[in-house]
Structures are given as structure tokens and as C-alpha cells.
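Visitor: have a look at this prediction, sequence included:
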Amino acid sequence: MRSLGLAVLALVVLVSAYPPAARAQPAPAPSAEPAPATAAPTASPAPPTAAPIPAPTPSATPTPSPYKFVVTPPTPAPGQPAIVEIDMLDQTIHEGGPYSVRVKTSLDVRTINVSTMGQTYGMQGAGPGLFATDGQVPGGIPFFMLNRAYAITLTAQTADGRSTAVTLTLRLEK
């Protein structure tokens, strides 16, 4: 679709380079009578020249984010580490389906732990203030665990032991 837009833009630039009189003249109709003789030809005006077509400049088109569930937690008390943003593919995860989580934090955060149902898992650091994990939800989940909402707690902790926690509700479905 982008190449179609560039083609239309180039066509508009070419057409607008010619004066309106040159664009609007219809082709002369053929006539059976010979044209009357005219005096010696004088210098004819030079044909209009087209303005050079500027080369398209590459521009970064924003890639739509795959994260549909984005949470911006409230700012913590001064001196506490901050969880700035939590991004997930969706608030509902499906048995056997993909998941992806990205957590943006203040730069002093060293670890992120995710806890649910008495289990705690650590997230990998992807850079200063950025933690991420992705994968596939396992299959074979017992039916009584499906179609329910679960509280998930993300805890950000600094090297000196200060921490901040945010709790989300996620739904697990078949």
C-alpha cells in the first residue's frame, strides 16, 4: 500500500510540473484538407521541462505494538523502585497459546519476580530498566483451572532490598 501511495505522489508531481495549458490541449482532429502554407517558421518555444522528482526519503513507520494489555501502575512512594509499565499480549491467556510480558522499571531495579498460587518465578533482564519473558502456555491444564481469573503479583526489587509490588488479574481459558 505504501508503494501505491508513492506512485500516486510521483504522478501528481509529474502532472503538476506542466502548465495547465499544456495539459488541457486536446489532440488536433485529422482533417481531409491540407493545412494552409505558412511563412518560414520562427523559433518555437522550448518544451516545458519537468521538475526533477525528489527521491523519497526513508522514514520510520511505527510498528504496531503486539501488546494489547498495557498497565501503568501508580507512582510509588519517593525512594522506592518503580514499575513504570507492564505490557502483555492480552489479559486473557489460552492453554497452549503464546504469552509475552514486558516490564519497564526504574533503573535501580535488579530483579522482577512474578508470583501466583504460591509459586514465584523470576523474569530475565533485557536491559537497564527492562525485563521480558515470552513462551507458550502448556497444554493439558486440568479443566478446573481453566476459565478462571488469577491474581498475579509482580515484585520489583533493588540491590539493597527495597521493593515495590503490583497485582494484576489475568484470565486462563482453554
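Guide: Ah, there it is.
Visitor: low-confidence regions, this structure specifically.
Guide: Applying pLDDT under 70 to the chain picks out residues 1-61.
Visitor: where exactly do the strands run in it?
Guide: 69-71, 83-88, 92-94, 98-105, 109-116, 119-122, 124-127, 130-136, 148-158, 163-173 (DSSP state E).
Visitor: other residues contacting the third one?
Guide: Contact partners of strand 92-94, identified using CB atoms under 8 Å, 6 or more residues apart in numbering, comprise 99, 137, 170, 171, 172, 173, 174. Every C-beta, even on glycine, is put in place using the N, C-alpha and C of the backbone.
Visitor: filter these to the buried ones?
Guide: Buried members of the contacts of strand 92-94, counted by 16 or more other CB atoms under 10 Å: 170, 172.
Visitor: dump the contacts of strand 92-94 to TSV, plus distance to residue 121.
Guide: Shown next, in TSV, are the contacts of strand 92-94 (distance: CB to CB, whole Å):
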residue	distance to residue 121
99	12
137	13
170	14
171	19
172	15
173	21
174	23
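Visitor: re earlier: need the strands of the chain in TSV with distance to residue 77, can you?
Guide: Below are the strands of the chain laid out as TSV (distance: least, CB to CB, whole Å):
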stretch	distance to residue 77
strand 69-71	19
strand 83-88	13
strand 92-94	31
strand 98-105	15
strand 109-116	15
strand 119-122	23
strand 124-127	24
strand 130-136	21
strand 148-158	13
strand 163-173	9
